[in-house]
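Peer 1: here is the input, now give the coordinates:
(2 chains)
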There are 2 protein chains.
Amino acid sequence: MAEISKDVVIIGAGPAGLGAALYSARDRFDTVVLDKFVPGGQINLTDRIENYPAIGQISGPDMIDAMVKQVTSFDAEIKNNSEVETIIRRDDGLLEVHTDEEVYLAKVIILTPGSEYRKLGVEGEEKFRQAGAGVSYCGTCDAPFFRDKHVISIGGGNVAVEDTLHLAKFCKKVTMVHRRQEFRATPILVEELIEEAKKGIIEIRYDSVVTSINGSNKVESATLQNVKTQDSEILDCDGVFIFVGMNPNTKFLNGIVDLDESGFIQCDPRYLRTSVPGIFVAGDCRVGAAMQLVTAIADGVVAALSLKEYLRDPGWWRS
Amino acid sequence: MAEISKDVVIIGAGPAGLGAALYSARDRFDTVVLDKFVPGGQINLTDRIENYPAIGQISGPDMIDAMVKQVTSFDAEIKNNSEVETIIRRDDGLLEVHTDEEVYLAKVIILTPGSEYRKLGVEGEEKFRQAGAGVSYCGTCDAPFFRDKHVISIGGGNVAVEDTLHLAKFCKKVTMVHRRQEFRATPILVEELIEEAKKGIIEIRYDSVVTSINGSNKVESATLQNVKTQDSEILDCDGVFIFVGMNPNTKFLNGIVDLDESGFIQCDPRYLRTSVPGIFVAGDCRVGAAMQLVTAIADGVVAALSLKEYLRDPGWWRS
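Peer 2: Below you'll find the predicted structure:
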């Protein structure tokens, strides 16, 4: 296969990748953004965003459209259906990016493959998978849409407890469904949860799972099952928040850059350098990501600004 | 004076402060943003922004208007003409914020006073102080507006050299005016500059200063003076980029939080904690800031997300 030379290859055309591309292309670096499907990633599944600063309300797809237009107006190229198979750092410091059809030869790579919310895998989850329809994976993002409503939250880790507490500031009632007796979350969070539950807004259902999410056009109820007694119950509700974790899309990077035990990419938080010189990271796939739209985009911008230091002096990488 | 209790007091209503307020208020913290004048800060002086992701083009004031609307829709309060005089951390951990007229009692403070470009202080600088009129202080932001034009750049530090190199990617010609023979910039940057200058786009005028910027509606020329010979010369140009440094607006924080030698606020880059528990920092006033609109806003968001960790467990501050 012929090698295609580029200054900057960005892997993943979600918000972080497009943010990086905007700055890289405006800096006149020959830039390509590779995406295994089409631009957007996780945010494409979001119908209402109201926490992106300066934009009152926008849908995920509209947000991505606007970013794609802006990025391509500065001559960045976006390539769909380009799944990266591997990356090889050559002795001369150049980086080979192998997709199923091409080999790119890059001076710099910015990794922005994103993360995906883990799914429950129950009936109704896909059907209502938009905050407007009633299924959400992000309390910080979507809690205000459920003011004075009854929602169900699912999970037992830190994010599940934090976001349940957050939901309780908005909702009339939050039924927290947890399949065990013990929470994985840190004790201080669990204590706060137990305290809050005494006030009556939060109700905790231990040893329970949600087996289906029901409704016609939007969520109307959820079916709960007690895992010990096997008893089932249908609970009326307006929304279901699923907090069962995130998977970074970093399997293809195993053995290439350092990952943490959950698969998130290791980096320094100031410049977003990975363990491999010339490979930066940005967005939800990195260790320490704030997991918000604007922070992912800003990450991309920081990586695109940092790369100039590296191109000027590769020795800077270890500084 | 009566004390006004708040969960979160944000000092400075520029992009970073408003980004912080959006998240803090959406999280239902009782939030006030104090500004010594009116919202906006430095960005109010920018007529064209085209590097804020997802917004093709917008003016600084329109950007700030949109953010203010969004932030106040979530019940954050913005208080104009409130200059902070001092901050006192009480033994119980609460933070007193003293303005000339009031005392706020805060659980958390986010410092977002911003920075200001240093001025040359010459005739015409104020008059044309918008990229559209021809005077700019940011090469990364405004270079694309001067495609195939002749611009003058002024300064001798790292940013001056970097941004001059950046301008050379767009402009027909860049005349770099430096009042000394030696550059303060790091050698590797100076070498690159000298190399680039050989290609003919960049011309360096040593021992020279700009004494006025001239034109009717926009910049048409600049007057240069050689500081050794005192000879003057009028040079036709389309723009003047002034790179003589930035001053963080942190004088009132002297002795309150740790600053670096230039007055930027010390912090950890991941959570944006300063040296004082409960006081976070965000935006252009901090050490390591990327100095871009979207990164300042994202900083505010990160600080607003971090504060929840602190409120939950003050011991987290030193972790």
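
Peer 1: residues contacting A:E125?
Peer 2: A:K119, A:V135, A:I213, A:V240, A:I242 (CB atoms under 8 Å, 6 or more residues apart in numbering or on different chains). Heads up, the C-betas are built off the backbone N, CA and C, glycines and all.

Peer 1: now the residues you listed in CSV, with distance to B:T99, secondary structure and pLDDT?
Peer 2: Output for those, formatted as CSV (distance: CB to CB, whole Å; DSSP: H, G, I helix; E, B strand; the rest coil; pLDDT from 0 to 100):
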residue, distance to B:T99, secondary structure, pLDDT
A:K119, 50, coil, 95
A:V135, 45, strand, 96
A:I213, 50, strand, 98
A:V240, 45, strand, 98
A:I242, 44, strand, 97
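
Peer 1: select only the buried ones of those residues in ChimeraX?
Peer 2: Remark: buried members of the contacts of A:E125, expressed as a ChimeraX selection using 16 or more other CB atoms under 10 Å in any protein chain shown:
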select /A:135,213,240,242
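
Peer 1: the stretch 1-150 of chain A: helices as residue ranges?
Peer 2: Counting by DSSP state H, counting those that start in this stretch, one finds helices in the stretch 1-150 of chain A at the ranges A:15-26, A:60-73, A:139-142.

Peer 1: those: which one's closest to chain B?
Peer 2: helix A:60-73 (4.3 Å; CB to the nearest CB).

Peer 1: what residues does that closest one touch?
Peer 2: Identification of contacts with helix A:60-73 by CB under 8 Å, 6+ apart yields A:13, A:15, A:18-19, A:21-22, A:25, A:33, A:39-40, A:43-47, A:49, A:52, A:55, A:58, A:78, A:293, B:50, B:53-56.

Peer 1: out of those, which are buried?
Peer 2: Those of the contacts of helix A:60-73 that meet the buried threshold are A:13, A:15, A:18-19, A:21-22, A:25, A:33, A:39-40, A:43, A:45-47, A:49, A:52, A:55, A:58, A:78, A:293, B:50, B:53-55, by 16+ other CB under 10 Å.

Peer 1: which single residue of the stretch 101-250 of chain A ends up nearest chain B?
Peer 2: Counting by CB to the nearest CB, the stretch 101-250 of chain A gets nearest chain B through A:K169, at 4.5 Å.

Peer 1: same question but for the stretch 201-319 of chain A, I mixed them up
Peer 2: For the stretch 201-319 of chain A, CB to the nearest CB, closest residue to chain B: A:A298, 3.2 Å.

Peer 1: burial check on that residue, number of neighbours?
Peer 2: 30 (other CB atoms under 10 Å in any protein chain shown).

Peer 1: which element is it on?
Peer 2: helix A:293-312 (DSSP states H and E).

Peer 1: what does A:H166 give?
Peer 2: helix A:158-167.

Peer 1: lowest average confidence, helix or strand, in chain A?
Peer 2: One helix or strand of chain A scores below all others by mean pLDDT, DSSP states H and E: helix A:139-142, with a mean of 89.

Peer 1: check the offset of the following helix or strand past that one from the chain's centre.
Peer 2: Downstream of helix A:139-142, the first helix or strand assigned by DSSP H and E is strand A:150-154. Offset of strand A:150-154 from its chain centre (CA atoms, centre = their mean, to the nearest Å): 21 Å.

Peer 1: thinking again about what came up before, pLDDT wise, what is the nearest residue to the residue of the stretch 101-250 of chain A closest to chain B once chain neighbours are set aside at?
Peer 2: Among residues not flanking A:K169 along the chain, B:R28 sits closest, at 4.5 Å (CB to CB, 6 or more residues apart in numbering or on different chains). Note on B:R28: pLDDT of 92.

Peer 1: enumerate every residue touching A:F241.
Peer 2: Counting by CB under 8 Å, 6+ apart, A:F241 has contacts A:V135, A:S136, A:Y137, A:G139, A:D142, A:V151, A:I152, A:S153, A:I154, A:D163, A:T164, A:L167.

Peer 1: among those residues, which one has the most neighbours?
Peer 2: When neighbours are counted by other CB under 10 Å, A:T164 leads the contacts of A:F241 with 31 neighbours.

Peer 1: give me the beta-bridge partners of the residue lying closest to it once chain neighbours are set aside?
Peer 2: Spatial nearest neighbour of A:T164, excluding adjacent residues (CB to CB, 6+ apart): A:S153 at 4.5 Å. With beta bridges defined as DSSP bridges, A:S153 has these partners: A:M176, A:F241.

Peer 1: equivalent analysis for A:Q225, please.
Peer 2: Beta-bridge partners recorded for A:Q225 (DSSP bridges): A:V209, A:S232.

Peer 1: was I right about it contacting A:D207?
Peer 2: No - A:Q225 is beyond contact range of A:D207, at 9.6 Å (criterion: CB atoms under 8 Å).

Peer 1: in terms of neighbours, single out the busier of these two.
Peer 2: Using other CB under 10 Å as the criterion, A:Q225 and A:D207 rank with A:Q225 on top: 18 against 14.

Peer 1: show the model's pLDDT score for that one.
Peer 2: At A:Q225, pLDDT is 98.

Peer 1: what of the one 4 residues further on?
Peer 2: Model confidence at A:T229, expressed as pLDDT, equals 97.

Peer 1: per-domain residue ranges of chain A.
Peer 2: The record's domain parsing of chain A by automatic domain parsing lists A:3-116+A:246-318, A:119-242.

Peer 1: what's the most buried one of these?
Peer 2: Mean neighbour count (mean count of other CB atoms under 10 Å in any protein chain shown) peaks for domain A:3-116+A:246-318 among those, with a mean of 21.

Peer 1: contacting residues for the residue nearest the centre of chain A?
Peer 2: Nearest to the geometric centre of chain A sits A:S115, at 4.1 Å (CA atoms, centre = their mean). Applying CB under 8 Å, 6+ apart to A:S115 gives the contacts A:Q42, A:M246, A:N247, A:P248, A:N249, A:F264, A:D284, A:C285, A:A289, A:M291.

Peer 1: tell me which two of those sit farthest apart.
Peer 2: Maximum pairwise distance in those, criterion CB to CB, is 14.8 Å, between A:Q42 and A:F264.

Peer 1: now do stretch A:143-161, average pLDDT.
Peer 2: Mean pLDDT, stretch A:143-161: 95.

Peer 1: ends of that stretch, how far apart?
Peer 2: 14 Å (CA to CA, to the nearest Å).

Peer 1: ok so, going back, touching, the residue of the stretch 201-319 of chain A closest to chain B and A:G19? I think so.
Peer 2: Yes - in this structure A:A298 lies within contact range of A:G19 using CB under 8 Å: 6.8 Å.

Peer 1: quickly list what's touching both of the two.
Peer 2: B:V294.
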